[in-house]
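*Asks:* Generate a structure from the sequence data that follows.
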Amino acid sequence: MSFKIDRTDKYTIIKLLAEKLDGNLAPSLKSELVVITTDGAKNIIIDMADTRYCDSSGLSAILVANRLCKNSQGMFVLTGLQEPVKKLITITQLDTILNITNTLLEAQEMIGVTTQ
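*Replies:* Below is the predicted model:
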């Protein structure tokens, strides 16, 4: 499995364990996102700290997560972006519509959850 899922009452964290979010990983991530939201998750954090590359299919998976959370009146947060991925998101102007934080803790706080 190229990602790890941690569920809590208030949010679900998807930790990408692959260096590339591309056509090999994006379809399974999309289907997992659908399963998670169908199970009732409204708030999703995708942690991309280990991911150095993202292509259009990866961006598509990110946008699916954003739309699914919006449709369920939840929040989607992207965190841990490495420089190449951050540049891609800026170039495509997705930084204007996505919630992006530098750390997982900031993402949790953005959703309104503080781990203590």
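
*Asks:* Quick check: phi and psi at the spatially most central residue of the chain.
*Replies:* For the chain, the residue nearest the mean C-alpha position is I46 (2.6 Å; CA atoms, centre = their mean). Dihedral pair for I46: phi -110, psi 120, per degrees, to the nearest 10.

*Asks:* contacting residues around it?
*Replies:* Applying CB atoms under 8 Å, 6 or more residues apart in numbering, we find I46 in contact with I13, I14, L16, I62, A65, F76, V77, L78, T79. (C-beta placed from N, C-alpha, C; glycine too.)

*Asks:* Just those: which are in helices?
*Replies:* I62, A65 (DSSP state H).

*Asks:* Are any of the contacts of I46 buried, and if so which?
*Replies:* With neighbours counted using 16 or more other CB atoms under 10 Å, the contacts of I46 contain these buried positions: I13, I14, L16, I62, A65, F76, V77, L78, T79.

*Asks:* still on that earlier bit, take the contacts of I46 and keep only those in strands.
*Replies:* Among the contacts of I46, the members falling in strands (DSSP state E) are I13, I14, L16, F76, V77, L78, T79.

*Asks:* So D50 versus R67, what's the distance?
*Replies:* In this view, D50 and R67 are 24 Å apart by CB to CB, to the nearest Å.

*Asks:* Kindly report the same for L88.
*Replies:* L88 is 19 Å from R67, by CB to CB.

*Asks:* For the two, indicate the residue with more neighbours.
*Replies:* L88 (18 against 13; other CB atoms under 10 Å).

*Asks:* Contact partners for the closest residue to the more buried one other than its chain neighbours?
*Replies:* Spatial nearest neighbour of L88, excluding adjacent residues (CB to CB, 6 or more residues apart in numbering): C54 at 5.7 Å. Contacts for C54 were tallied using CB under 8 Å, 6+ apart; they are K20, L21, D22, M48, I62, P84, V85, L88, I89.
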